[in-house]
Structure formats: C-alpha cells, structure tokens
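Asker: A structural model of the following input is requested.
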Amino acid sequence: MMRMRARLLVLHVLVVTMLVVLAVRLWQVQVVRGHEFVTRATETRTRTVIVPAVRGQILDSHGRPLVRNKTALVVSVDRTRLTRMPDGGMKVLRKLSAVLGRPVAELQQRITPCGPGVSKPCWTGSPYQAVPLDEKVDTREALQILERQEEFPGVTAEVHSVRQYPGGRAGAQMLGYLQPVTEAELEKREGLKASFSGVDLVGRDGLEYVYDEALRGKSGLRRVQVDRMGKALGVEEQTAPVPGDHLVTSIDSRVQAVVEKALARAMKSAPAADGGAAVVLDARTARVVALASAPGYDPAIWAGGISARGYQWLMSDKSGKPLVSRAINGQFAPGSTFKISSVASMLRAGYPLNGKYDCPGSVMVGGRAFSGFRGIPLGTLSLHMALVKSCDTIFYKAAYEQYLKDGGRNPKKVPKEVFANTARSFGFGAPTGVDLPGESSGRIPDRAWKKNLWNATHDVSCERSRKGYPEVKDRARADFLKRLALENCTEGFLLRPGDSANFSIGQGDVLVTPMQLARAYAALVSDGKVRSPRIGWALVRPDGTVVKTIPVPVVGKLPLNEKERHYIKDALSDVPSDGTAAGAFAGFPMNKVRIGGKTGTAEVWGKQDTSWFASFAPTKNPQYVVVVMVSQGGQGAQTAAPAAREIYEGIYGIKRPPAVPGGKLTTRLPQFAPDGTVEGQ
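Answerer: Got it, this is the predicted structure:
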C-alpha cells in the first residue's frame, strides 16, 4: 500500500510539473510574445516572378522571316495548388494523363523541382510559376481541360509563342536552336542571372546563340503577395517585359532555297557522298547570302524539347551528324582551288607574272616522281594557262625550289616559307571570324607545325613502329602504316620535300573550310581586302527602329597588287569555258552571265575524292562568290561544278524565274512600317 501511494505521489508531481511548464509556455506565447506571433500569422510576403519577353525574329535581307514566333497551346500546372490537395494532386494528374496521353509518372517528374538526387526532366523555375507540361497540344485536348475546369483544378491551357521555321530544313545549322537555361549557364551569366526565369530558353547554336541577348529582350517582373502558407493573394507590382530585337540578316531566303536544292541534288548524284556544303557571299562586302550544309535536319525538332534519343540521333554517325555545319566546321583538303594561293606564292618568291613554265607529266621531288593529272604533259604554259588547265607539276617544282632555298631538311634559322605565309595572308589556317559559334581554323602545315605534331605523337608513332597495326585487316595498308609510323618516329619533325609539293596543290596536310575558301576568293576578285564574313546585318526593334547595323570588318590584305589580282581573276574566268570546268558549263549562256572559277579534286586516303568548285560571277564586276564542296563527291567538275552552275541558274533565272531579279543584291535594309511589319511584304 505504501508503495502504491509513493507511485501516485510521484505521478501527481509529474502532472503538476507538466501543467506548470505548459502554463508558463502559454503565458510566454500569448502575453510576452503574443503581438509578435499575431503579426507573423497575418503578414503577407512578396515573391518575385520573372516574366519572359517575346523573342525577336530572324529575318532575311528583304524582311522575310527565317525564324519567327507562332502561337501554340501550352498546358501548364500550378504545382503549389496540386501539392496542397489531400492526395497531392494525383487524381488531377491521372485525368491529365488520359487527356495528354502521357504516363502519370512522367507528369509527376516534370513538376518535381530540380535538386540534388532529382533526375531530369524536372522543374527548374519558381514555385510561383505554372509548370509547362506539353507545348504541342491540339485544340481538342485544350478544350477538354478548359470546358471541364472543375475536374482540372490548377491546370491551364494558354496560348504561348514558340519558334517556327518557314524555310523548313534550310540553313538549320546556321540558324541554331533554343533550349532551356541550365544552372551552369546561370552561374556563368552572373550579370544576367536575375533576368532568367527558369522557363526561359537560350540560344544554343548558330545565330540564336551569337545574338541571344538582343533577340531575348528584357524580362518583366511580377511581385506576388503570398500568405505564410505560400498561397498567392494578389499582384503587388508588375513591369511589362520588353520584346527582343529582330535580327535582319544578309541571307536571301530565295537564294538559300536554290542552294539547298542544288546541294541536295549534288549529294544524290555522288553515291559515296557523306557530306557537303555550299557558301554564297556578296563578293563586294563578304556578307553571307546563303549558307548550306548537308546532311541537314528540321530545326522544328527542338520545339517543345527534344528527347534524349532524338539528340543522340542528331549526333550519330548513322545520321551523318547533321548538327555539324560542314560550311564552317568541315575541314578538307582543297585540291586545285588552292592554286590561287600558290600562284601568289610564286609571284612573291620572284617568279615572273608573264613567264613561261614547263608542265611535264611528272617532276622529281626529293628523289621521288610527282605526277600531274593522269601524268599527261601539257607543254610550256603561262601562269594563266597553268590555272586554266590546272597543271600540277609547275607548282610542284616551284614549291620544291622554295623548300630547298629554305634549307630543305636542314632549314635555315629563319626560313621564309613563302608558300605557307602567303596562304595565311589569304586567311587560311585561322577562323574567318564569321558570326557563328565554333568555327574551325583549318590547317596550314609549316615547319613549326610539323615539329609540334611530332612532339605530340612521337611516343605513339614509335610504339606503332614496333607493334604495327594488327587490327587493320588489309595487310598492304597495315604494312604501309607501320612504315609510316617508323618514319614519323625517327624523323617526323622534319618537313619533307613531298610535303612542300603536296602543299602547292592543296593536298597533304593542308585543310580549309568552305567558308575560308569563299572568303579568299571574295578578296581576290574584289578589292584585295580580306574580310571577316557576317550574316547579321542589323538589329531592329519590333516597331521598325534600327538599333544598330553590324559592320563587316577588314582583317587583312592579299599580298598581291591590282595587276596581279586581275591577272589571276582573268585566268579563272576562262576555266568554265576553256578549262577543267568546261564540261560542267557546256551550254551555259556565258553571253548573259560569265562565270569564273576553279575546280578542285582532293585525294583522301581510303575514300573517294573531295569535289570542289570555287567561283564568282559576273567576271567583270563580281557580285557573287559561290563555293561548293561535296565530300566523297569525286572530281570537281563531276559533282561540285554542276551544283554551282545550278545555283547561278537559280540566281539569274536561266530557264526559270530568278531568285534575285536583275541579279543584283539589295544594298539597303528592308523598310518597316510603324507597326513593325515589313513594307512590301
């Protein structure tokens, strides 16, 4: 009994103690800090929501849209409202899944905020913004949601703007595409971080990337009042977004369409062709009139987000990697189109402009015979005819002589390297600076390059010289590669006689991009100034006000005087009528438009030849430079030259309506009406 009383006493003491503690705590909450908690319970908080601006359009030189905005129905979900439902919004998501034809798990994933351990796709934006779930819904699906709103609380179907490409696949790599902003990009763009909303898209490639800031405009702000539970109570302040500027380009969409068709036909005509490019420049200004690369793709694939499978296809060898622009990223041996640089090199080395030169079937270079095309001797030629008939041996001999003057295998301390340095003055071996991202530099191999390459590959070459190439099934090729590895191991740092000979005809280790070759020809047939090509022409506000024009900078000068430039240009003017491209231009009305140019057939180990044609027209006062390249397309006159002919026929309207009436490119920006529309469209 005494034990029971003791236990009851302890229990009473505990109960009384707890009541006292609760009473004290209640007194603190209601009396001491009562006013503070009442204020907190009733106060509202402000949350800032960023409102994206309408992105500017990309227009051609006449104001025709290359990329424009179209309205699309977008289904969005208020995630905060869904999560407050008793079942976490699962009932709504299941109904939404049935309408959209998407799994519930996928919808759940898309509205889940991104964070550590959260897989994508997830939501990167503000919790006070609706999460877009589907940007490709049709009217029927949208009406199911809007007409039964009571069944879809927190779900909206609204009209948003998305990118549209009126030209379809035309110029896809040049135009670029949009993708959501990543956290990494926000960190890099510290100054712009505050202006991104998480639903914003950013330019990923092409013009969309280069001119992203101007096209994107300025985001607006909306300050939303929310209670302590995070529920929105109303809008406190709102600043309207400023639409992005339109980008007017020098692209002529009608010429672009002609170029795309010609390149596609050229690719089909060469069974082994695996890639191609075509560049059209304004010869006077080096502005880009058309830029095509094959294989291409439909940029609309990016609208609404691309699947991982779709992206992998764009980057796969099976698809031909259509995301890569062969026009600015493709690096190929230029073949005989490079001889304009070699003629200039000979003139700088002291060879006479009006001299006579033997063109034998082959010449000895460092103890090895180097043959011209099919080993056919062409007799004694001028430099004019050396270009027209594309004699290789004249250039082999001159390049080898300059190689010996520099000391040959034992070079002078400061060799002149006339051929390499002249090529650089044409702009080869460095990016052109065109306003597109990721441009390749090409390659001009000289003694320094050779030594650097040897330093980087010496160990591998020596190992291969011992082990060989057991993985190569072709024994003859494996033996050749092993001998080459031994040579590179022991004396790979030396520029060999054969290297100089191959250089002179655009073979060996020489690599150029189609854009570089077009830029060089534009400088040659115009005023001798090397320019950095531009696609962007001007930035224009939505009301038509010109914000700024985009100049084409002069970055160099050819090492030729006017007389020498005209001499080379006159020689090239005879190639389509009397030279290596005569067959491709048979029947072309040269009396209406005279074409000048140079064919190129570049050999590639283990593949078909690369087909080139670099050209200009009209020859007296050139307006256009057209360069066509088809990888594994065969001879230049076989594939590239016919494609260039088709482009000129389209531009000038030979047997068809002209893409450019009168053949003259516009020199003034399109005129805009006060409402932002283009006059005359």
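
Asker: burial of the residue lying closest to Ala172 once chain neighbours are set aside, as a residue count?
Answerer: What sits nearest to Ala172 in space, not counting adjacent residues and going by Cβ to Cβ, 6 or more residues apart in numbering, is Pro299, at 4.5 Å. C-beta coordinates here come from the backbone N, C-alpha and C atoms, glycine included. The number of residues packed near Pro299 is 26, by other Cβ atoms under 10 Å.

Asker: which residues are in contact with Pro299?
Answerer: Shown here is Pro299, whose contacts under the criterion Cβ atoms under 8 Å, 6 or more residues apart in numbering are 163, 165, 169, 172, 175-177.

Asker: one more time with 10 Å
Answerer: By Cβ atoms under 10 Å, 6 or more residues apart in numbering, the contact set of Pro299 is 67, 163-165, 167-178, 205-206, 208.

Asker: distance of it relative to Asn410?
Answerer: Computed with Cβ to Cβ, to the nearest Å, the distance linking Pro299 and Asn410 is 55 Å.

Asker: restricted to helices, list the contacts of Pro299.
Answerer: Of the positions in those, 172-175, 206, 208 sit in helices, assigned by DSSP state H.

Asker: need the residues you listed in CSV with distance to Arg223, can you?
Answerer: Listed next are the ones in helices among the contacts of Pro299 as CSV, based on distance: Cβ to Cβ, whole Å:
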residue, distance to Arg223
Ala172, 40
Gln173, 41
Met174, 40
Leu175, 36
Gly206, 36
Glu208, 30
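
Asker: tell me the one of these nearest Leu495?
Answerer: Gln173 (35.3 Å; Cβ to Cβ).

Asker: look up how far Phe338 lies from Cys359.
Answerer: Cys359 sits 18 Å away from Phe338 when distances are taken as Cβ to Cβ.

Asker: tell me which of those two has more neighbours.
Answerer: When neighbours are counted by other Cβ under 10 Å, Phe338 comes out ahead of the other of Cys359 and Phe338, with 27 against 22.

Asker: so what's the more buried one closest to, chain neighbours aside?
Answerer: Leaving aside its sequence neighbours, Phe338 is closest to Gly506 (2.9 Å, by Cβ to Cβ, 6+ apart).

Asker: sec struct for the one you found, please.
Answerer: Under the three-state scheme (DSSP: H, G, I helix; E, B strand; the rest coil), Gly506 adopts coil.

Asker: that one contacts Lys339, correct?
Answerer: Yes - proximity of Gly506 to Lys339 meets the contact threshold set by Cβ atoms under 10 Å, at 7.0 Å.

Asker: common neighbours of these two, please.
Answerer: A shared contact of Gly506 and Lys339, defined by Cβ under 10 Å, 6+ apart, is any residue touching both; here these are 395, 600.

Asker: pull up the pairing partners for the longest strand along the chain, direction included.
Answerer: Scanning the chain for the longest strand, with DSSP state E as the assignment, gives strand 65-77. According to DSSP bridges, the neighbouring strands of strand 65-77, each with its direction, are strand 58-59 (antiparallel), strand 131-134 (antiparallel), strand 155-164 (antiparallel).

Asker: and Pro533, which of those strands is closest to it?
Answerer: Evaluated with Cβ to Cβ, those place strand 58-59 nearest to Pro533, the distance being 16.9 Å.

Asker: what separates that closest one from the chain centre, distance-wise?
Answerer: Averaging C-alpha coordinates over strand 58-59 and over its chain gives two centres that are 16 Å apart (Cα atoms, centre = their mean, to the nearest Å).

Asker: centre-most residue in the protein?
Answerer: Gly206 (4.2 Å; Cα atoms, centre = their mean).

Asker: check contacts around it.
Answerer: Taking Cβ under 10 Å, 6+ apart as the definition of contact, the neighbours of Gly206 are 58, 67, 171-177, 291, 299, 325, 435-438, 535.

Asker: the residue nearest to Phe338 and Ile535, how far apart?
Answerer: The spacing between Gly506 and Ile535, counted by Cβ to Cβ, is 26 Å.

Asker: who's more crowded, those two?
Answerer: In this comparison of Gly506 against Ile535, neighbours counted by other Cβ under 10 Å, the higher total goes to Gly506 at 28 against 24.

Asker: ok, that one - contacts?
Answerer: By Cβ under 10 Å, 6+ apart, the contact list for Gly506 reads 332-342, 395, 423, 428, 512, 517, 600-602, 612.

Asker: mind redoing it with 6 Å?
Answerer: Residues counted as contacts of Gly506 (Cβ atoms under 6 Å, 6 or more residues apart in numbering) are 333-335, 338.

Asker: can you check Phe419 too?
Answerer: Contacts for Phe419 were tallied using Cβ under 6 Å, 6+ apart; they are 345, 399, 503.

Asker: surely it is in a strand?
Answerer: No - under the criterion used here (three-state DSSP), Phe419 is helix, not part of a strand.

Asker: how about the nearest residue to it, chain neighbours excluded?
Answerer: If the residues on either side of it in the chain are set aside, Phe419 comes closest to Ser345, at 4.4 Å by Cβ to Cβ, 6+ apart.

Asker: hey, C-alpha coordinates of whichever strand or helix holds that neighbour in PDB?
Answerer: Here Ser345, judged by DSSP states H and E, is contained in helix 339-348. Listed in PDB are the C-alpha atoms of helix 339-348, where the atom choice follows Å, rounded to 0.1, in the frame of the first residue of the first chain:
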ATOM      1  CA  LYS A 339      46.300  27.200-106.500                       C
ATOM      2  CA  ILE A 340      45.200  30.900-106.300                       C
ATOM      3  CA  SER A 341      47.400  31.000-103.200                       C
ATOM      4  CA  SER A 342      50.200  29.000-104.900                       C
ATOM      5  CA  VAL A 343      50.300  31.500-107.900                       C
ATOM      6  CA  ALA A 344      50.500  34.400-105.400                       C
ATOM      7  CA  SER A 345      53.300  32.500-103.600                       C
ATOM      8  CA  MET A 346      55.300  32.100-106.800                       C
ATOM      9  CA  LEU A 347      54.900  35.900-107.500                       C
ATOM     10  CA  ARG A 348      56.100  36.700-104.000                       C
END
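
Asker: list of residues touching that helix?
Answerer: By Cβ under 6 Å, 6+ apart, the list of residues contacting helix 339-348 from outside reads 383, 395, 398, 418-419, 422-423, 426, 504, 524, 559-560, 564, 568.

Asker: could you do stretch 477-490 as well?
Answerer: 461-462, 464-465, 468-469, 472.

Asker: quick check on the residues you listed: which are buried?
Answerer: The neighbour-count test (16 or more other Cβ atoms under 10 Å) marks 461-462, 464-465, 468-469 as buried among these.

Asker: what's the most distant pair in the residues you listed?
Answerer: In terms of Cβ to Cβ, the buried ones among the contacts of stretch 477-490 reach their longest pairwise distance at Cys462 and Tyr469, which sit 14.0 Å apart.

Asker: turn the contacts of stretch 477-490 into a markdown table, columns for distance to Lys607 and pLDDT.
Answerer: Output for the contacts of stretch 477-490, formatted as a markdown table (distance: Cβ to Cβ, whole Å; pLDDT from 0 to 100):
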| residue | distance to Lys607 | pLDDT |
| --- | --- | --- |
| Ser461 | 23 | 93 |
| Cys462 | 28 | 93 |
| Arg464 | 22 | 92 |
| Ser465 | 25 | 91 |
| Gly468 | 23 | 91 |
| Tyr469 | 18 | 92 |
| Val472 | 16 | 88 |
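
Asker: next step: these restricted to helices.
Answerer: Checked against DSSP H, the contacts of stretch 477-490 include these in helices: 461-462, 464-465.

Asker: next, count neighbours for Gly433.
Answerer: Each residue near Gly433 was counted by other Cβ under 10 Å, and the total is 17.

Asker: that one: what's its closest spatial neighbour, skipping adjacent residues?
Answerer: By the measure of Cβ to Cβ, 6+ apart, the closest residue to Gly433 outside its immediate chain neighbours is Ser532, 3.6 Å from it.

Asker: quick one: contacts for that neighbour?
Answerer: Taking Cβ under 6 Å, 6+ apart as the definition of contact, the neighbours of Ser532 are 432-433, 553, 555.

Asker: with respect to Val660, which of those is nearest?
Answerer: Thr432 (23.7 Å).
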